[in-house]
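K.L.:
no sequence on hand, only this structure:
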């Protein structure tokens, strides 16, 4: 069985090409600054030891843009992470 869940994460790509990883609140602020926000989802297949998972999205966001955006997180996301 495959399940898809929405994460509380968005990748914002600004007109100048810079990307950020943010919460929904900061994604709205980024859109007001002209950014294109992309919601991220997790997709899991199976239960137990053979389970696999992935991050998925529906947009022209590239994997490279997602990785680069993780370097610049909003304060809310930075506080949410391991600590």
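P.N.:
Now that the structure is in, tell me what you want to look at. This is a predicted model, so every value here is computed, not measured. Numbering: from 1, shown residues only.
K.L.:
and the helix ranked longest in the chain, what does it pack onto?
P.N.:
The residue-count maximum for a helix in the chain (DSSP state H) belongs to helix 24-32. Contact here means 3 or more Cβ pairs under 8 Å, 6 or more residues apart in numbering; DSSP states H and E; on that basis helix 24-32 packs against strand 2-13, strand 19-22, strand 36-45, helix 75-80. Glycine gets a C-beta too; all of them are placed from N, C-alpha and C.
K.L.:
name the residues that touch the lowest-mean-pLDDT helix or strand in the chain?
P.N.:
In the chain, the helix or strand scored least confidently by mean pLDDT, DSSP states H and E is helix 75-80, which has a mean of 80. The contact list for helix 75-80, computed with Cβ atoms under 8 Å, 6 or more residues apart in numbering, reads 8, 9, 21, 22, 23, 25, 26.
K.L.:
quick check: the farthest pair among the residues you listed?
P.N.:
21 and 25 (13.2 Å; Cβ to Cβ).
K.L.:
more neighbours, these two?
P.N.:
Counted by other Cβ atoms under 10 Å, residue 21 and residue 25 do not tie: residue 21 has more neighbours, with 22 against 12.
K.L.:
for the more buried one, name its beta-bridge partners.
P.N.:
residue 11, residue 73 (DSSP bridges).
K.L.:
show me what contacts it?
P.N.:
So residue 21 contacts 9, 10, 11, 12, 69, 70, 72, 73, 74, 77 (Cβ under 8 Å, 6+ apart).
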